[in-house]
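S.K.: Compute the structure for the input listed below.
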Amino acid sequence: MAEVKLSETRDLTRIERIGAHSHIRGLGLDSSLEPRAVSEGMVGQAAARKAAGVILQMIRDGKIAGRAVLLAGQPGTGKTAIAMGMAKSLGLETPFAMLAGSELFSLEMSKTEALMQAFRKAIGVRIKEEAEVIEGEVVEVQIDRPAVAGAASKTGKLTLKTTEMETVYDLGAKMIEALGKEKVQSGDVIAIDKASGKITKLGRSFSRSRDYDAMGPQTKFVQCPDGELQKRKEVVHCVTLHEIDVINSRTQGFLALFTGDTGEIRAEVREQIDTKVAEWREEGKAEIVPGVLFIDEVHMLDIECFSFLNRALENEMAPILVVATNRGITTIRGTNYKSPHGIPIDLLDRLLIITTQPYTEDEIREHCRH
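M.R.: Predicted coordinates for the structure are as follows:
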């Protein structure tokens, strides 16, 4: 049986809002990277979608790094949609950070700091560690509730089995709460992390596939685990460099991730983290996942930001930079020079340019139908 990575099970109770690009699920390409006419929320822009697909394939194969892509075209020709499609096609594991050019100009943070944070949000670290896991099919969950409210806490028993053995575990109040939260019932295959007590539901056992007539489409059936109940497993955690920075730099630690109050992060902290990550890479504990950083309205950046981007792209841990603009020849902010798209010529030389064309009448009709 393929090993199940515990960190890959995610909470699906997130509320999805409807927005301008919320219908996009990918770039709408087939296996040979040819664009379909209408697919995954994408309509038209065949050449641009194919070009984005080729770049994505290179990102997946690890053949492209420190490169930048420019999406150029008139307003409303689907530049942001293509960037969103790229993000969705890359999957959950590859980090995707998105910001608009005007977001960099705030009073509480310097422009280069905001850019640096965006860069580090787009670089993932896949950390591997070994964990002791109890994995088996639930035969029975028995919970004894006290007759008198406020008396002794709940106790219970959990019977787990594999193809070779069956064991009964006594449950404490914390585990009972966790089992209730995950809605674990007999017939489920679960994994329990011994160190943290985290319960992960892997699916329903095949032996129970005929229990009910009505099954949701998301019901996943898995084989009953074989061998011992207790196993050593390799667990993979995916975090971004920015998350590691925030956790290590602030007194409130990881709470800053939720409040968004990250402030300036000192260079020493970042250097220490880079050194540590490099150590982990050498030991084989971690690997770097270069993601995608998308900057919309890139003509809003000024000359200092562009020189920072030039330098940052040369870093060995640089993500793929995708920028978009709808300007023609315009002034570079912070100078008196004019240049195509408002981007300095030296940076422009590094960019792979994907152009988007205005939609035809038929494509606009197709949009409206969907």
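S.K.: Asp346 and Leu313 touch, don't they?
M.R.: No - using Cβ atoms under 8 Å as the test, Asp346 is too far from Leu313 to be in contact (11.1 Å). C-beta coordinates here come from the backbone N, C-alpha and C atoms, glycine included.
S.K.: So for these two, which residue has more residues nearby?
M.R.: Comparing Asp346 with Leu313 by other Cβ atoms under 10 Å, the one with more neighbours is Leu313, at 18 against 10.
S.K.: got the contact list for that one?
M.R.: The neighbourhood of Leu313, defined by Cβ atoms under 8 Å, 6 or more residues apart in numbering, consists of 66-68, 321, 350.
S.K.: start to end distance for stretch 277-292?
M.R.: Between the opening and closing residues of stretch 277-292 there is a gap of 19 Å (Cα to Cα, to the nearest Å).
S.K.: and what of stretch 292-303?
M.R.: Terminal residues of stretch 292-303 are spaced 22 Å apart (Cα to Cα).
S.K.: Skipping its backbone neighbours, what lies nearest Gly342 in space?
M.R.: Spatial nearest neighbour of Gly342, excluding adjacent residues (Cβ to Cβ, 6 or more residues apart in numbering): His299 at 3.5 Å.
S.K.: Would you list the phi and psi of that neighbour?
M.R.: Reported as degrees, to the nearest 10, the phi and psi values for His299 are phi -70, psi -10.
S.K.: from memory it sits against Ala100, does it?
M.R.: No - here His299 does not reach Ala100: they are 11.2 Å apart, not a contact under Cβ under 8 Å.
S.K.: More neighbours: which of the two?
M.R.: His299 (19 against 14).
S.K.: Could I get the contacting residues of that one?
M.R.: For His299, the contact set (Cβ under 8 Å, 6+ apart) comprises 101, 325, 327, 330, 333, 341-343.
S.K.: run the last query once more with 10 Å
M.R.: His299 sits next to 101, 323-328, 330-333, 339, 341-343 when contact means Cβ atoms under 10 Å, 6 or more residues apart in numbering.
S.K.: Return the member of those nearest to Ser207.
M.R.: The shortest approach to Ser207 among the contacts of His299 belongs to Ala324, at 52.0 Å (Cβ to Cβ).
S.K.: Next, count neighbours for that closest one.
M.R.: Neighbour count of Ala324, defined by other Cβ under 10 Å: 24.
S.K.: likewise Pro95?
M.R.: 25.
S.K.: Then Met165?
M.R.: Using other Cβ under 10 Å: Met165 sits among 12 other residues.
S.K.: List the contacts of the residue lying closest to it once chain neighbours are set aside.
M.R.: Of all residues beyond its chain neighbours, the one nearest Met165 is Leu229 (6.2 Å), with distances taken as Cβ to Cβ, 6+ apart. By Cβ under 10 Å, 6+ apart, Leu229 lies in contact with 133-136, 160-162, 164-167, 169, 192.
S.K.: top of the residues you listed by neighbour count?
M.R.: Neighbour counts for the contacts of Leu229 (other Cβ under 10 Å) peak at Gly136, which has 29 neighbours.
S.K.: residues contacting that one?
M.R.: For Gly136, counting by Cβ under 10 Å, 6+ apart, the contacting residues are 158-163, 165-167, 169, 188-192, 202, 205, 224-226, 228-231.
S.K.: what's across from it in the sheet?
M.R.: On DSSP bridges, the residues paired with Gly136 through beta bridges are Ile190.
S.K.: next one: Gly124
M.R.: Thr240, Val289.
S.K.: Surely it is in contact with Leu293?
M.R.: No - in this structure, Gly124 sits apart from Leu293 without contact. The criterion is Cβ atoms under 10 Å, and the distance is 11.9 Å.
S.K.: Need the residues touching each of these two.
M.R.: Residues within reach of Gly124 and of Leu293 at once, by Cβ under 10 Å, 6+ apart, are 95-96, 319.
S.K.: Which of those residues sits closest to Ser89?
M.R.: The nearest member of the shared contacts of Gly124 and Leu293 to Ser89, counting by Cβ to Cβ, is Phe96 at 10.1 Å.
S.K.: Any idea what that closest one is bridged to?
M.R.: Each beta-bridge partner of Phe96 is listed here: Val292, as defined by DSSP bridges.
S.K.: which residue is nearest the centroid of the chain?
M.R.: Among the residues of the chain, the smallest C-alpha distance to the mean C-alpha position (Cα atoms, centre = their mean) belongs to Leu92, namely 3.9 Å.
S.K.: Check for me that that residue belongs to a helix.
M.R.: No - with DSSP: H, G, I helix; E, B strand; the rest coil as the criterion, Leu92 is assigned coil and is not in a helix.
S.K.: now it: how far from Cys238?
M.R.: 8 Å (Cβ to Cβ, to the nearest Å).
S.K.: try Glu282
M.R.: Counting by Cβ to Cβ - Glu282 and Cys238 are separated by 20 Å.
S.K.: Common neighbours of His299 and Ala100, please.
M.R.: With the criterion set as Cβ under 10 Å, 6+ apart, the overlap between the contacts of His299 and Ala100 is Ala324.
S.K.: Which parts of the chain are helices?
M.R.: In order along the chain, the chain carries the following helices (DSSP state H): 46-61, 79-90, 111-121, 173-181, 241-249, 255-259, 267-283, 303-312, 345-348, 361-369.
S.K.: circling back: rebuild the contacts of Leu229 as a markdown table, extending it with distance to Ile59.
M.R.: What follows is the contacts of Leu229, written out as a markdown table (distance: Cβ to Cβ, whole Å):
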| residue | distance to Ile59 |
| --- | --- |
| Val133 | 32 |
| Ile134 | 37 |
| Glu135 | 34 |
| Gly136 | 38 |
| Leu160 | 41 |
| Lys161 | 43 |
| Thr162 | 39 |
| Glu164 | 43 |
| Met165 | 44 |
| Glu166 | 46 |
| Thr167 | 45 |
| Tyr169 | 44 |
| Ile192 | 36 |
